[in-house]
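Enquirer: whatever this is, show me its structure:
(chains A and B)
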Amino acid sequence: MRLIIKKMIVFVTLFIAFLTNSIAQDKVISGRVITKTGIGISASSVQTNGSKRTALSDSMGNFKINVSAQDNALVISSLGFVSQQFSLNSKSFVFTLSDDPKVLGEVVVTAFGIKREIKRLGYTIQEVKGSDLVKAREPNAVNSLAGKVAGLSVGANAEMLGRPELVLRGSKDLLFVVDGSPINSDTWNISADDIETYSVLKGPNAAALYGSRGINGAIVITTKKGSKDKKGWQLDYNSSTLFEKGFIASPEAQTEYGRGNGYHYEYQAKDNANVYVPTADALYDNGNRLGEFGPRFEGQLLRQYDSPYDLLTGVRSKTPWLARGVNNFENFVETGLVSTNNLAVSASGSNYSLRMSYSHMYQKGVFPNTKLNSDNVNISTSYNLSSKLTLEGNMNLNIQYTPNIPDVSYGPNSYMYMFKVYGSADYDVRDLKNYYKGPQGVPGLVQYAQEYGRLNNPYFMADKWLRSHDKTDIYAYLKLNYKISSDLNLSLKSQVTTWNQSRSEQVPSSANLNSYTAWYKFGWYGDYRLDTRKLLENNTDLQLTYNKRVSKWNFGALLGGNSRSFTYNSFYGTTRALAIPNIYVLSNSVQTPLEYSWNSKMQTYSGYYSVDISFDKYINLNTTGRLDNLSTLPSNNTFFYPSASISSVLSDYINFPKPISFFKIRGSVADVKGAFTSPSIASAYTMVTGISTGSLLQYGTDLISSYDGPNYANTTGPSYASYYNNTPSVNLSNTVVSDVKPYSRISYEAGADIKFLKNRIGLDFTYFSTTNGPGIYSRGLPASTTNLTQIVNGITTKRDGFEIALNATPIKNAGGFTWDIFANYATFKETLSEIYGNDGVLPLGNHNYKVGDRLDEIFGTKFLRDGSGNIIYTGGTLQKATGNNDQKFGSLGFLNPDFSFGVGNKFTYKNLSFSFQFDGRIGGKIYDYNYYANMQGGTDIQTVQGVIGAARLKEWQSTNQGTQAPTPFLLGNEYGAGVQITSGTPTFLNGAISNLGSLTFAPNTTPTLVQSYLTGGLKANFDEYFMISRSFVKLREIVLSYTIDQPKWSHGFIKAVSLSIVGKNLLYFAERKDFDIDQYASGFNASDLSVGGAVSTGALQSSSTRKFGFNVNFSF
Amino acid sequence: MKIKLLYTISIVAVLTMAITSCQKGDLSLNPNAASAGSVLPISLIVNNVTANLILPEELPFGNGSVYKFNQYQVSNYSKYWGDNTYGWSYSSDSYQILKYAIALEGQAKTQLGTTNNKYFAISKFLRAYSAVWLSQRVGDIPMSQAGDPNNITPVFDAQKTVYKNVLALLDTANTIMGSINSVAANQNAIFDGGDIFGLTNLQWQKLINTYKLRVLISLSKRADDNADLGIKTQFAAIVTNPTTYPIMTSNSDNMVYKFTASNLYPNWALGNNAYNNFQNVGETILSITRNNADPRTFLMACPIGGGAINSFASYVGGVSSTALSLLQSQGSTNVISAFNGQRYFANSFVSSSTINTYEPFVFIGYSELCFNIAEGINRGWAPTLTAADAATYYNNGISASFKNFGLSTTANTTVNVSNVAGASLGTVTTDNATFLTKTAYNTGTQATALKQILEQKYVALFMNSGYEAFMNARRTGVPTFSANGAGTGTASGAIPKRWLYPLSEINYNNANYKTALTNQFSGADDVNLDTWLTK
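Expert: The predicted structure follows:
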């Protein structure tokens, strides 16, 4: 047996030797170029040393070349690798290139997945390695980009399944591109472990090739492909476990006073008009909807929810009123968990490559019974059908499922509302664990709760009030690549991105909806809602690429065509009170259920080109163009987007002083257009009626999904509506459409890339100037036209800013110690540069903006003050400005931060590395809705502190233990007692008094009730009070890793092991820490003229948690 | 061979994926809506315009402040019911009513082929109604050029021109309806299935003329110096010629918005709602009913804490101009009256059995008509009618209002007095005689009689008919509204006379807006200035 094998080896060796010999005469040889890790290198240039014949390797790294007698070696070069000469006498035709340390990391993936040398780029792209983001995990992969890219703000959402708010140079709604094709993404379908690199294409210059969808920039993701080592396969296992415990931002609640009204509280039938006269005992206290304005906790005897109740006599005895639930929130929340496991197998051979990866993410929320599961399968494969033809395929399947995710928006469905806005400490939440406890509780029918007006038993909510989410998300492509010649390549690619999502809400029997929902009241049997959405998009691209080097000229061209086909279907339904409890189907409804559907279709044909020309070491020129034909426009539906860029590495031909090792300048311009598509979409109910589900139900928020389809803003016609008693009616459109042109965005960019001290320090500086518009603008019409808006081209803004990115290695010594730093800084300002037609001003929100104004300046109500800054009161209450908007509203500040930054440090010593990152945004203002809600609820800690706290105590003392009306004691507020006008009639301008000279003032002497001040004066009328600084800094992450290559104990079985201890969101610095400002990355957004963080967009915010845990990574 | 097969399979696979997914047809149109020029069932337009004739802000206890402006309702807690201030800013508008009136004409013409049908009659009423609604709030408004798709900057018509056009439109509307109703069978036929008010053809004609009388009376300050408008003669023509100008003859002709299981009573007042504690009945109305020993008092309000339920002294309202902090104290200690929970709230959460027992919402009604006629006669606008006729209308007005409360002026009734939560506090038997004596129409003194008419009209409009109570008080000064307090909320302390123009006219029709201001107020858009109507 052994002999036979030996013979065979000899035979094979001889045969190969013969073959090699014959080739040396004048033959075609096939070879393969690979990296050290075994991945095929595409587009490597292969040249014979004698005859100077050339060939290019294909996507798998394979090539064929004619060699003649004079050739005895091949010179192989490829971007990012050291060029090398390989002797043809070697036994193997697999050539391994090693990474070029000089250009390490200098090749980036640009539009359509084309790899380009940064050196030759005329615009900015910043790349983040996928491997940098898999250790300190986030449930959402995209969140991990926070602070790492200059100009990209990631507003990581604190809610489970919340979508991060991505803002790039001030624009939201970035395009996600995977392996060259756009995908429809809510960011949750991106699996961190399958990603090789993230390239952030900043602004339209970089994304011009994607047409209107790339108008705000793009995140271009390259997935991992098959590879192999000597074994022929590789296996990787990555596991992360993070615990969520403790809050870095959470509102602080007072626990001195409990629920009630006018310092009075009792659990009784109803607080009737005279709150101080007790009414009948009751089993269910369902008439009270109280803020935290009840009695002080002093142990006095009151009838309470858990006081003994005699079912026979209906008498409830009294028990001491004590702060039993000081730690209710902390007792209720649990330790959260994010666990991610990934297993990937890859293999490749001379004519195929394969990678299969499975990830599972499990997240357990901090609130009981909230969880999220996500399974992700990624299969990537490629096969060479022949030397010229390659078939490549990739599929990503993502399935998300959860029986229950929490809701945070203001309303009875929210734990924040329950514990922080109306968080009375009078009950101990742990008493509510048995949520069907008698006498109030009836299993399956009525909950045992602390009250029955506004709040619910939180454990009952956790177990019974369920909001499910199920989503199947797939993106996949097949690509056929035909190498016509060594220079010319043709590919046909068809890609599908599709998802199918279903969300439901089960409102259980006896849930208290606080009379918010019109058809639902206490004692009814629950409610049910269903929201389903389905999206399918196909992109088919035919591309021809050409590369040619002629002496000193390097020429590259891409010519392509695309067909994009889009379909979307959605449904929203709700019962109007369940007829039979606990049966959650739409037909089980007391009144006819409400059901809505909304659908859309779209087809786009595009043609595009890209041409790169470079001459020697002097200049690189790139120009692209794209022609789109959109079905969303009946006419004028074809438009063109050009872009051009130029760059030159000055240091290649100019001698700079020694410390400067590299100097490149670049410049670019692009004109991108957009039209009648929306990046995201709301529920079918909202799309049909124009009213949000939040308004329909009076709680909760509309679910917004990623979309990128037609919004039909330009088509107006009658639609079905019902206004009265379910009778059919019609709704005529209030929009008039002129013949509009697409939205236009022209962007200029210039920059320099300078490296010092043998590339130890790199500094990249970019200046950009973007002209947004004229946009497609929904301009108001006078009501007398009987229409409300006209769609026109109008409103141009100008956005200027700059970004600096620094990379440095201050220490790198032979002993193995390295210190790396990265830092980035970005800033921009946006001003109004042109208004529609002859309109002198742009009315937006409650202000008229003029040319030159910053559009992120917002206006609202402010305290009126006398000449010395004292606040003005009338009859003891805050006086407010009246009249028109210019009179009533003054500036509250700017929404956009002055700048954003990120700083990371990494220390490596041999196998040990330690890194941490700080980032933040400085400047600007934001409306603190938690502050507002908690003050008006009487819960905020500030309501028992200072002047307000002192007055509150005195008022309490005046009520004889809550049995009579309080005497008002609050004079003014924490800013002083204030003044009142004694003569003269004030006039107002910009939210202030404009005729101070003609008024006289005297001290304010009329005290008011604390409750009246908090719920009335302050709450309704003074935005200024709740505008807080938007500045924050976060210690984003800490990672301590230990890596062992080829551990001896595994006898070569394990290639590498890495163990890490990680922490995320560890420290948070901000003026007020009742919510995490980080979530609100967007201020003013030019595309839709929206304002993030303004008074009008305020909503209740979740508390943000600290995460820490560990990561284990094995490579086999 | 194998390779060829693979070639074929892969090419077919990619191409199939690519080709089958192309979309066909005209994709620029919204599949979720009809196209702009579609033919629509007329009854759908009728449905929209009748369902939306009453603006949400005009419904009782809704989100608007109308009934606080009318001083029927006073909030004692800003968080739930807002404050009681008159810090007016931009007016809302009524042009959506015009929009559907135009659509109604368009569809009726297309589908019926005439411009002289009942839908045209109604649309003329709607055009008139829409114009008056806004003009009485702000002054000159775009009317003649409003609603023209080719004109996005309609000029403002002088307020007088607006009223002149309105009177002409209402006359034409009556003429068309008159010819339809000249066929007896048409009279009692339901006007249109889409009409949410369910009125007959004849009732619509009555409504049009009843409304016209409201408009004529609202012009009382201009009746003498604008003979060309023919205010008095038109008034006389209507009240003396019921054949040509039929008017409402009883409550059954009222335009009533019926709350239903799906059109619930305004949300915040729904059922036994805790938020109802945080509002009170206004002292402006209770001072009138209390002084007149008016039996309706028991059904409007709850007695204050400790007050005898049959004593009128127990019914004290909240004073609108009081500082909110004080009202909150008064409300929580029950020294001011809340709304009668049984009448206004307890039955308002509709279950099928109680649909008809809550407060009916009369938008344009017979009772108001009677007072309008009485006022016209009192002012001498109908020379053929006497003070005795005025007294008859006055008494009919009171009687109709009583009926709306489930009371009768001819026989004493036992009524349930309830607290705000709807629990009965006992019963009271009304004493009609005292009331009728106190309010007996003063045929001797015209001015005193006028005040009586206006006061009783104010009482009859309680929590009904939108802004009408405020508009009457603004025109006549009766009753005297509470003002000049910390709760009034205006810089001068006075109640404003008008609203600012709708913001959209200011922003997008600025040149015409400025001309209108110059023509009326020397260039100022000032809420404290009177328009031509009330100067």
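Enquirer: any regions of chain B where pLDDT drops low?
Expert: B:1-7, B:10-22, B:266-273, B:346-359 (pLDDT under 70).
Enquirer: what residue in it comes nearest to chain A?
Expert: Nearest residue of chain B to chain A: B:A486, at 2.5 Å (C-beta to the nearest C-beta). No exception for glycine: its C-beta is placed from N, CA and C like everyone else's.
Enquirer: and that residue, backbone torsions?
Expert: In this entry, B:A486 is assigned phi and psi values of phi -60, psi -30 (degrees, to the nearest 10).
Enquirer: isn't it right next to A:G875, touching?
Expert: Yes: contact criterion C-beta atoms under 8 Å: B:A486 and A:G875 qualify, at 2.5 Å.
Enquirer: what about the residue in chain A positioned nearest to chain B, how many residues nearby?
Expert: Closest residue of chain A to chain B, C-beta to the nearest C-beta: A:G875 (2.5 Å). A:G875 is flanked by 19 other residues according to other C-beta atoms under 10 Å in any protein chain shown.
Enquirer: quick revisit: so what sits against both of B:A486 and A:G875?
Expert: B:A323 (C-beta atoms under 8 Å, 6 or more residues apart in numbering or on different chains).
Enquirer: and the stretch 401-535 of chain B, which residues reach chain A?
Expert: B:419-421, B:485-487, B:489-492, B:500, B:502-510, B:525, B:527 (C-beta under 8 Å from any C-beta of the partner chain).
Enquirer: buried ones among these?
Expert: Neighbour counting over those (16 or more other C-beta atoms under 10 Å in any protein chain shown) leaves B:419-421, B:485-487, B:489-491, B:500, B:502-510, B:525, B:527 as the buried ones.
Enquirer: and the closest residue to A:T715 other than its chain neighbours, what is it in contact with?
Expert: Among residues not flanking A:T715 along the chain, B:N30 sits closest, at 4.4 Å (C-beta to C-beta, 6 or more residues apart in numbering or on different chains). By C-beta under 8 Å, 6+ apart, the residues touching B:N30 are A:S600, A:Y712, A:T715, A:G717.
Enquirer: list the buried residues of the helix or strand containing the first one.
Expert: It stands for A:S600. Assigned by DSSP states H and E, A:S600 belongs to strand A:589-615. Across strand A:589-615, burial judged by 16+ other C-beta under 10 Å covers A:589-590, A:593-594, A:596, A:598, A:600-606, A:608, A:610-612, A:614.
Enquirer: intersect those with the contacts of chain B.
Expert: A:W598, A:S600, A:K601, A:M602, A:Q603.
Enquirer: for the stretch 951-1100 of chain A, which spans come out with low pLDDT?
Expert: A:1019-1020.
Enquirer: where along it do the helices fall?
Expert: Remark: helices assigned in the stretch 951-1100 of chain A by DSSP state H, counting those that start in this stretch are A:1010-1012, A:1018-1021.
Enquirer: just to revisit the earlier point, now the helix or strand following the strand holding A:S600: buried residues?
Expert: Counting by DSSP H and E, the next helix or strand C-terminal to strand A:589-615 is strand A:619-630. For strand A:619-630, the buried set under the neighbour-count rule, 16+ other C-beta under 10 Å, comprises A:N620, A:L621, A:N622, A:T623, A:T624, A:G625, A:R626, A:L627, A:D628, A:L630.
Enquirer: lowest-confidence one in those residues?
Expert: Among those, A:L630 has the lowest pLDDT, at 84.
Enquirer: so which helix or strand takes in A:F1108?
Expert: Using DSSP H and E, A:F1108 sits within strand A:1104-1115.
Enquirer: list the buried residues for that strand?
Expert: Buried-residue list, strand A:1104-1115, by 16+ other C-beta under 10 Å: A:S1104, A:T1105, A:R1106, A:K1107, A:F1108, A:G1109, A:N1111, A:N1113, A:F1114, A:S1115.
Enquirer: could you look up the SS state of the closest residue to the third one other than its chain neighbours?
Expert: Computed as C-beta to C-beta, 6+ apart, the closest residue to A:R1106 that is not its neighbour in sequence is A:G246, at 4.6 Å. With DSSP: H, G, I helix; E, B strand; the rest coil as the basis, A:G246 sits in strand.
Enquirer: ok, A:G246 to A:K1073 distance?
Expert: The gap separating A:G246 from A:K1073 is 13 Å, by C-beta to C-beta, to the nearest Å.
Enquirer: now do A:I1061
Expert: Plainly put, A:I1061 is 26 Å away from A:K1073 if you go by C-beta to C-beta.
Enquirer: next: A:Y525.
Expert: 41 Å.
Enquirer: the more surrounded of these two?
Expert: Per other C-beta under 10 Å, whichever of A:Y525 and A:K1073 has more neighbours is A:Y525, with 21 against 18.
Enquirer: the more buried one sits in which helix or strand?
Expert: Per DSSP H and E, there is no helix or strand for A:Y525.
Enquirer: that one reaches A:A577, doesn't it?
Expert: Yes: A:Y525 is within contact range of A:A577, at 6.8 Å (criterion: C-beta under 8 Å).
Enquirer: let me see the contact set for A:G845.
Expert: A:I858, A:F859, A:V1091, A:A1094, A:S1096.
Enquirer: secondary structure class for the spatially closest residue to A:S729 that is not a sequence neighbour?
Expert: Computed as C-beta to C-beta, 6+ apart, the closest residue to A:S729 that is not its neighbour in sequence is B:N47, at 4.2 Å. Following three-state DSSP, we place B:N47 in the helix state.
Enquirer: can you name the residues that contact the residue sitting nearest the centre point of chain A?
Expert: The C-alpha lying nearest the average C-alpha coordinate of chain A belongs to A:P164 (C-alpha atoms, centre = their mean; 1.5 Å). Listed by C-beta under 8 Å, 6+ apart, the contact set of A:P164 reads A:N140, A:V142, A:N143, A:V154, A:G155, A:A156, A:N157, A:T187, A:A1081.
Enquirer: give me that answer again for 10 Å
Expert: By C-beta atoms under 10 Å, 6 or more residues apart in numbering or on different chains, the residues touching A:P164 are A:138, A:140-146, A:153-157, A:186-188, A:1078-1079, A:1081.
Enquirer: B:I453 contacts B:I377, correct?
Expert: Yes: applying C-beta atoms under 10 Å, one finds B:I453 in contact with B:I377, separated by 9.4 Å.
Enquirer: now the common contact residues for the two.
Expert: Common contacts of B:I453 and B:I377, defined by C-beta under 10 Å, 6+ apart, comprise B:A390, B:A391, B:Y393, B:Y394.
Enquirer: quick revisit: now the common contact residues for A:Y525 and A:A577.
Expert: With contacts defined as C-beta under 10 Å, 6+ apart, the residues shared by A:Y525 and A:A577 are A:V507, A:N588, A:V590.
Enquirer: bridging residues for the first one?
Expert: So the one you mean is A:V507. Beta bridges link A:V507 to A:D527, judged by DSSP bridges.
Enquirer: from A:Y584, how far out is it?
Expert: Distance, A:V507 to A:Y584, by C-beta to C-beta: 9 Å.
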